[in-house]
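Colleague: Let's see this in three dimensions:
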Amino acid sequence: MRFGSSKGIALVTALVVLVAGCSTSSPDAGSAAAPAPYSTIKELVAAVAQRQRADQTARLSLRGEVTGGATLQFTGEGVLRVLDDAVSVKFTQVVTQKGAAPQETGFVVLPDATYLRLPPPPGENAPDRPWVRVDPTSSDPAAQRLAALATTLTESADPTRTLARYADATQISGAADDIIDGEPAVRYTIVVDLAKAAAQQTDPAMKTRLEQQVRGGLTTVTSTLWVDALGQPVRSAVRQDLPGIGTLVITGSYRDWGQPVEIDAPPATQVR
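Modeller: All right, here's what the predicted structure looks like:
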């Protein structure tokens with residue numbers, strides 16, 4: 001099976017994994033009092049995770065760019081379902097680079113299967129069967145890269161997973177009251193120590209990835225997360241210098257928590 005190039009897709013998706021999610025407030029947020037700040041990441045993650053377990057579903061959007069030697073812009077839209085034992089995601093991402101046509105990639109990640117729709121190679125039309133079912137047990141390097149992309153997307157779609165995974169290497173360096181869209185919130189500055197995260201990581205692939213980032217000069221990742229009185233993240237932002245690449249800026253949003261979503265496998269006739 002032939003896989004298309006995923007260099008730009010891998011860059012964008014891998015960068016997103018350390019960025020906290022965000023959401024618009026629920027309809028009853030207007031009556032909420034100013035939230036009390038949490039002093040530790042574990043407290044913050046517990047509060048957000050409890051709210052997610054109640055709401056379960058949401059729509060998400062992502063906007064960002066990497067500027068430097070070459071400018072890369074990306075957008076994404078999708079839906080997710082967060083259950084106690086699994087996260088499902090349906091997401092479409094568009095990556096744009098100067099001098100190249102936009103590349104659109106589709107992801108469907110289910111508890112028992114993962115599907116990707118990659119952009120066709122330059123000059124070629126989209127195939128009749130645009131979706132690929134990814135085999136996470138395959139020894140093929142291209143298939144392994146695609147499986148890693150899907151795993152990264154799933155973890156970045158759930159606002160608590162990455163923070164929980166790196167909790168012992170993460171600190172809240174500041175917390176302050178703020179107002180987001182007219183509602184009270186707490187603004188958290190969150191710092192992940194990548195060297196410490198790598199030392200504590202038990203997943204060999206993730207450990208290698210973190211160690212490579214540290215050797216490349218990226219030692220910490222700092223982001224800002226706003227959380228409202230309901231325990232929902234309402235906004236996040238990250239601006240990070242990436243050695244040898246440029247400057248990364250990402251913003252995003254979650255909305256429509258608790259509303260119905262559809263996350264189904266692509267039709268069998270479109271899967272190769």
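
Colleague: so the residue lying closest to Leu60 once chain neighbours are set aside, which of the three states?
Modeller: Excluding its sequence neighbours, the residue lying closest to Leu60 (CB to CB, 6 or more residues apart in numbering) is Tyr254, at 5.0 Å. Every C-beta, even on glycine, is put in place using the N, C-alpha and C of the backbone. With DSSP: H, G, I helix; E, B strand; the rest coil as the basis, Tyr254 sits in strand.

Colleague: Tell me, how many residues neighbour Tyr254?
Modeller: Using other CB atoms under 10 Å, Tyr254 has 24 other residues around it.

Colleague: quick one: it and Asp228 touch, right?
Modeller: No - using CB atoms under 8 Å, Tyr254 is not in contact with Asp228, being 11.8 Å away.

Colleague: Report the separation between the residue nearest to Leu60 and Val82.
Modeller: 10 Å (CB to CB, to the nearest Å).

Colleague: what pairs with the host helix or strand of Val234, and is each one parallel or antiparallel?
Modeller: Here Val234 sits within strand 233-242, counting by DSSP states H and E. Partners of strand 233-242 in the sheet, by DSSP bridges, are strand 220-228 (antiparallel), strand 246-255 (antiparallel).

Colleague: Any regions of the stretch 51-200 of the chain where pLDDT drops low?
Modeller: 69-70, 149-159 (pLDDT under 70).

Colleague: And the helices in it?
Modeller: 141-157, 161-165, 194-200 (DSSP state H, counting those that start in this stretch).

Colleague: Can you name every helix or strand that the last one contacts?
Modeller: So the one you mean is helix 194-200. helix 204-215 (3 or more CB pairs under 8 Å, 6 or more residues apart in numbering; DSSP states H and E).

Colleague: Report the buried residues of the helix it packs on.
Modeller: Neighbour counts using 16 or more other CB atoms under 10 Å place Met206, Arg209, Leu210, Glu211, Gln213, Val214 of helix 204-215 among the buried residues.

Colleague: got the contact list for that helix?
Modeller: Ala14, Ala148, Leu194, Ala195, Ala197, Ala198, Gln201 (CB atoms under 8 Å, 6 or more residues apart in numbering).

Colleague: which one of these sits closest to Asp168?
Modeller: Nearest to Asp168 among these is Ala197, at 8.2 Å by CB to CB.

Colleague: Not counting its neighbours along the chain, what's nearest the closest one?
Modeller: Ala197's closest residue in space is Ala169 (CB to CB, 6+ apart), at 3.9 Å.

Colleague: what's the spacing between the one you found and Leu210?
Modeller: 9 Å.

Colleague: any residues in contact with both of the two?
Modeller: Leu194, Ala197.

Colleague: for Trp92, what are its contacts?
Modeller: Just to correct that, residue 92 is Thr rather than Trp. Gly76, Glu77, Gly78, Glu104, Thr105, Gly106, Phe107 are the contacts of Thr92 under CB under 8 Å, 6+ apart.

Colleague: For the strand holding Val234, buried residues please.
Modeller: So strand 233-242, judged by 16+ other CB under 10 Å, has buried residues Pro233, Val234, Arg235, Ser236, Ala237, Val238, Gln240, Leu242.

Colleague: do stretch 131-147 as well
Modeller: Applying 16+ other CB under 10 Å to stretch 131-147 flags Trp131, Val132, Val134, Ala143, Gln144, Leu146, Ala147 as buried.

Colleague: of all the buried residues of strand 233-242, which two lie farthest apart?
Modeller: Across those, the longest distance by CB to CB is 26.4 Å; it joins Val234 and Leu242.

Colleague: From Ile245, how far out is the residue nearest to Arg187 when sequence neighbours are not counted?
Modeller: Closest residue to Arg187 apart from its sequence neighbours, by CB to CB, 6+ apart: Asp178 at 4.3 Å. Asp178 is 30 Å from Ile245, where distance means CB to CB.
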